[in-house]
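1. Got a sequence here, can you model it:
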Amino acid sequence: MDPNKIKIISKDQLFELMENKEDFKLVEVLAEEDYASGHLPMAINIPVDKIEKLAPILLSDKEQRIVVYCSGYLCTASPGAARKLQSMGYTDVFDYKAGKEDWRRSELPLAK
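-> Below is the predicted model:
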């Protein structure tokens, strides 16, 4: 598989990971104020511009599954974060490309 290729995860696949209490990290890569106004349950916040600094601290296991997301399809933060994490040696990175917009549209709850 192309190491530069970003793996995409759907809302249903993400929901299944959550429901089954799988071992993974969910990361919102938007700014702190966007995260504070509402984020997916279980998500931590690492703004895309702080990935290099915070990922080694908050995502210490480079082999753990990581799912990144941002606001939606038009947002470029999550693909950028996924590429950055891959370049840092993280091996199991997924992009929930549809993001917060898709989650809201499905009337799933946001945490605050």
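
2. When you work out contacts or count neighbours from here on, use the C-alpha atoms and nothing else.
-> Will do.

3. Contact partners for the most centrally placed residue in the chain?
-> Nearest residue to the geometric centre of the chain (Cα atoms, centre = their mean): residue 68, 1.3 Å. Contact analysis of residue 68 by Cα atoms under 8 Å, 6 or more residues apart in numbering lists 26-29, 78, 81-82, 93-96.

4. Give the buried residues for the helix or strand hosting residue 85.
-> For residue 85, the enclosing helix or strand under DSSP states H and E is helix 77-87. Neighbour counts over helix 77-87 (16 or more other Cα atoms under 10 Å) mark 77-86 as buried.

5. ok so, going back, could you list which of the contacts of residue 68 belong to helices?
-> Under the assignment DSSP state H, the contacts of residue 68 contribute 78, 81-82 to helices.

6. can you tell me which of these lies nearest to residue 36?
-> Taking Cα to Cα as the measure, residue 36 lies nearest residue 78 of those, at 17.4 Å.

7. separation between the closest one and residue 70?
-> 5 Å (Cα to Cα, to the nearest Å).

8. intersection of neighbour lists for the two?
-> Residues within reach of residue 78 and of residue 70 at once, by Cα under 8 Å, 6+ apart, are 29, 96-97.

9. Reformat the ones in helices among the contacts of residue 68 as a markdown table; add pLDDT and distance to residue 54.
-> Output for the ones in helices among the contacts of residue 68, formatted as a markdown table (pLDDT from 0 to 100; distance: Cα to Cα, whole Å):
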| residue | pLDDT | distance to residue 54 |
| --- | --- | --- |
| 78 | 97 | 15 |
| 81 | 97 | 12 |
| 82 | 97 | 14 |
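
10. Return the closest of those residues with respect to residue 51.
-> Checking the ones in helices among the contacts of residue 68 against residue 51 by Cα to Cα gives residue 81 as the nearest, at 7.0 Å.

11. sorry, back to before: avg pLDDT for whatever helix or strand the residue nearest to the centre of the chain lives in?
-> Assigned by DSSP H and E, residue 68 belongs to strand 65-69. For strand 65-69, mean pLDDT is 98.
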